[in-house]
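**Q** predicted model and sequence follow; I will ask about them next.
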Amino acid sequence: MSSEKNNNKGTFNSNFGFLMSSIGSAVGLGNLWGFPYKMGMGGGFAFLLIYVLLVATVGYPLMVGEIALGRKTGKAAIQAFKRVDKRFTFTGYFDTVAPFLLICFYVVFGGYIIKYFLINLGDFLNLGFGLQGMDSGAFFEQFMSSGLEPLIYTYIFLFATFLIVVRGISGGIERFSNFAMPALFVMLLVVVFRANTLPGAREGLAFIFKPNFEVFKGMGWLSVLGNAGSQMFFSLSLSSGAVIAYGSYLSKSADIESNGWIIPVADSVVAVLAAMAVMPAVFAFGLEPGGGPGLLFVSLQTVFQSMGATGPIFGMVFYLLVLFAALTSSIAMTEGAVSAMLDGQQERGKEPNRLKMTLIFTIGAFLGGTLVSLDALGSSGMPHPFGLSTWLDVFDLGAEGILMPLGGLFFSILLGWFKPGILDDEVALTGPFRSRGFYQFSLRWIAPVFLFFIVIIQLNAFFGFFPM
Ligand code: PFF
C-alpha cells in the first residue's frame, strides 16, 4: 500500500480497472433484484424509457461531476467538497455517512446470498444440506429468523469485503473487480439464455417489456417517476462517496466524459439483462413476481428446485453472480467512507492507515449488520424507531431516504449555481468537453428540481404522508 502514489491512498493501474470497479460499484442488488420488479410493475417498456431518460439527463451529468470532483481534488467526498467550496463541506459528510448506513443491510443480504450459493452447491454434490423437501418460502423464513446462522454468513460477507478493501486500490479493489465483473457478465448471459429457453418464459418477458400506460394515469406517473428516479440514483451509487473516491484514484490521462457514460450504460444493460433472467424464470414456473426479498430467495430458489438435475448448477451460477455483484458494491461503499477517513488522517498530519480505517468502518458495519440480521426483516419483534417496520428500513431511510438525495441535490446546486464550470478544466484535460452545454444545463435546471422531487417522494415512501 505504501508503494501506491497519489496521497498515499493508491491509484488504479488502468482505465479498465477503474471501469470494472465503478461498474462493480453500480451493478449490485439494485440491478438484480430491485430493477426487474420495478420495471414490471412500473409500466414495462414505458418505465424503461423513463429510466433511460433519467439516466441520460440526471445520472450522466452527476456521474461526470462526481468523477471530476474526485480527480480534480485527489480527495474523497469530505475534503473534495471542502476544497471546491467550504460551505458545502457538509455535503461531503452526507456522502460519507450514507455508505455507513447502506452497508448495515447490504452485508445481511450478502450473507443470505452465500447461504443460497452453498445450498445449491450442496444439492449439486448431493451433500444433503439443501432444503430437504421443505417449501422454499418456509425454508427462507426459518433460515432468516434462526439467529446465529444468518449472522455468521453476514460476518463472512463482511470479512470478505474487509479483506479486499484492506489490500488497497490496485492490489485489492481493482484486482478483484477485473476478475469478478467479466465473470459476472458471462454468468448473467448463461442464466438469461437458460431462463428464456424454459417453456412459458414468454409471459415473463411480457411482464417486463409490455408497455403499460395504465400505471401513468391520474397521479400514477408521479410514483413511476419517483421509483425510476430513486432506483437510478441508488443503482449508479451516486452521493455515496464511492464515485468521488474512485475518481480520485483515476489517472489524469483517462477520459472522464466517456467513463461518465460507459458506467451508466453498462449498469442499465445489466439491469435489463437481470430482468430478462429473473422474470421469465419466475413466470415459467407459474410463480408470483413479488418485489421483496422473496423474489431472490424464495421464487428463484423454487425455480432452481423445480428444474430437475440441472437446477442446482444454474442455482450456483446465479447466486455466485449475485454474490460478485453484491461484493463489488459493498467494497465500493466501504472505500467511499474509508477513503474519506484516510484524508481525515492526512489533514491531521498523520500517515494514512488503511488497515485501521477499514477496521473502524468494518466494526460499524458489524454492529449495524448484527442488528439488521437479528431483526430478520422485522419478524423478530424488536422495536423499530420512527414507526418503521424493520431495522433495514431505518438504515435505508437515513441513506436512500435522506442523505443520498439531499447529497445529490446540494451537489447539483453547487455545480449548477454556486460554482458552475468549476470542474470543466478537469474534464477537458484529455480533449474538448463535448457535452459541456448539456451537462451544465442539467446541473442547473434539471437535476436540482428532480432531486428535490426525489427527496419528497422518498420521505413519502417511508412515512406515507400522501397516497401514491
Ligand atoms: N449501486 C449498488 C446497487 O445497485 O445495489 C448499491 C450501492 C453501491 C450504493 C455502492 C452505493 C454505493 F456506494
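**A** Yep, that arrived.

**Q** show me the shaky parts of this structure.
**A** The model of the chain has pLDDT under 70 over residues 1-7, 132.

**Q** get me the contact residues on it for the ligand.
**A** 25-26, 28-31, 99, 102, 234-235, 237, 240, 242, 329, 332-333, 336 (CB under 6 Å from any ligand atom). C-beta coordinates here come from the backbone N, C-alpha and C atoms, glycine included.

**Q** now, those residues that are in strands?
**A** Taking DSSP state E, every one of the residues of the chain next to the ligand sits outside strands.

**Q** please report how far residue 183 lies from the ligand.
**A** Distance from residue 183 to the ligand, counting by CB to the nearest ligand atom, to the nearest Å: 18 Å.

**Q** give me the contact list for stretch 12-25.
**A** 169-170, 173-175, 177-178, 180-182, 237, 242-243, 246, 249-251, 254-255, 259, 262-263, 266-267, 270, 324-325, 328-329, 331-332 (CB atoms under 8 Å, 6 or more residues apart in numbering).

**Q** kindly export that stretch (C-alpha atoms) in CSV.
**A** Extracted as CSV, the C-alpha positions of stretch 12-25 are listed here (Å, rounded to 0.1, in the frame of the first residue of the first chain):
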residue,chain,number,x,y,z
PHE,A,12,-6.0,2.4,-10.4
ASN,A,13,-3.4,0.7,-12.7
SER,A,14,-5.6,1.2,-15.8
ASN,A,15,-8.8,2.9,-17.0
PHE,A,16,-10.2,-0.6,-17.5
GLY,A,17,-9.6,-1.3,-13.8
PHE,A,18,-11.4,2.0,-12.9
LEU,A,19,-14.3,1.0,-15.2
MET,A,20,-14.6,-2.5,-13.8
SER,A,21,-14.5,-1.2,-10.2
SER,A,22,-17.0,1.6,-11.0
ILE,A,23,-19.4,-0.7,-12.9
GLY,A,24,-18.9,-3.1,-10.0
SER,A,25,-20.0,-0.4,-7.6
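
**Q** flag every buried residue along it.
**A** 12-13, 15, 17-25 (16 or more other CB atoms under 10 Å).

**Q** could you do stretch 263-272 as well?
**A** 263-264, 266-268, 270-272.

**Q** gap between the strand or helix carrying residue 319 and the chain center?
**A** Element membership for residue 319, per DSSP states H and E: helix 311-347. Offset of helix 311-347 from its chain centre (CA atoms, centre = their mean, to the nearest Å): 9 Å.

**Q** for the remainder of this discussion, apply numbering that starts at 372.
**A** From this message on, residue numbering opens at 372, which makes the last subject helix 682-718.

**Q** continuing past it, what's the next helix or strand?
**A** helix 725-746.

**Q** hang on, residue 576 packs against residue 566?
**A** No - between residue 576 and residue 566 there is no contact under CB atoms under 8 Å: 9.5 Å.

**Q** of the two, who's got more company?
**A** residue 566 (24 against 17; other CB atoms under 10 Å).

**Q** run through who's touching the host helix or strand of the more buried one.
**A** Taking DSSP H and E as the criterion, residue 566 maps to helix 546-567. Applying CB under 8 Å, 6+ apart, the contact partners of helix 546-567 are 387-388, 391-392, 394-395, 398, 535, 538, 572, 575-576, 641, 644-645, 647-649, 651-652, 655, 685, 688-689, 691-692, 695-696, 698-699, 702.

**Q** got it, and stretch 454-469?
**A** 440, 443-444, 446-453, 610-612, 615, 707-708, 711-712, 769-770, 774-775, 777-778, 781-782, 785, 789-790, 793.

**Q** check stretch 706-722 too.
**A** So stretch 706-722 is contacted by 378-380, 446-450, 463, 466-468, 470-471, 536, 540, 544, 611-617, 619, 723-725, 728-729, 731-732 (CB under 8 Å, 6+ apart).

**Q** in ChimeraX, how would I select just the buried ones from these?
**A** To isolate the buried members of the contacts of stretch 706-722 in ChimeraX, using 16+ other CB under 10 Å:
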select :378,379,380,446,447,448,449,450,463,466,467,468,470,471,536,540,544,611,612,613,614,615,616,617,619,723,725,728,729,732
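
**Q** now the closest residue to residue 688 other than its chain neighbours: how far from the ligand?
**A** Nearest non-adjacent residue to residue 688, counting by CB to CB, 6 or more residues apart in numbering: residue 558, 5.0 Å away. In this structure, residue 558 and the ligand are 17 Å apart, going by CB to the nearest ligand atom.

**Q** and the helices in the stretch 472-621 of the chain?
**A** Along the stretch 472-621 of the chain, the stretches classed as helices by DSSP state H, counting those that start in this stretch are 507-515, 519-537, 546-567, 573-580, 591-606, 613-619.

**Q** contacts for the fourth one, please.
**A** Where contact means CB under 8 Å, 6+ apart, the residues beyond helix 573-580 that reach it are 407, 410-411, 415-416, 419, 566-567, 646-647, 649-655, 660.

**Q** again, but for the first one
**A** The contact list for helix 507-515 (CB under 8 Å, 6+ apart) reads 483, 486, 502, 505, 520-521, 664-665, 668-669, 672-673, 676, 747-748, 750.

**Q** how about the second one?
**A** Helix 519-537 is touched from outside by 478-479, 481-486, 514-515, 543-544, 547, 697-698, 701-702, 705-706, 709, 725-726, 729-730, 733, 736-737, 740-741, 744-745, 747, with contacts defined as CB under 8 Å, 6+ apart.

**Q** does residue 587 touch residue 596 like I think?
**A** No - with contacts counted by CB under 8 Å, residue 587 stays clear of residue 596, the gap being 9.2 Å.

**Q** those two: who's more crowded?
**A** More crowded of residue 587 and residue 596, by other CB under 10 Å: residue 596, with 21 against 18.

**Q** got the contact list for the more buried one?
**A** 421, 824, 828.

**Q** kindly report the same for residue 437.
**A** Counted by CB under 8 Å, 6+ apart, residue 437 has contacts 609-610, 614-615, 618, 782.

**Q** kindly report the same for residue 831.
**A** 837, 839.

**Q** now it: which helix or strand?
**A** Going by DSSP H and E, residue 831 is part of helix 818-834.

**Q** buried members of the contacts of helix 507-515 into PyMOL, please.
**A** The PyMOL selection below is limited to those of these classed as buried (16+ other CB under 10 Å):
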select buried, resi 483+486+502+521+664+665+668+669+672+673+676+747+748
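
**Q** residue 814: which of the contacts of helix 507-515 is nearest?
**A** residue 664 (35.8 Å; CB to CB).
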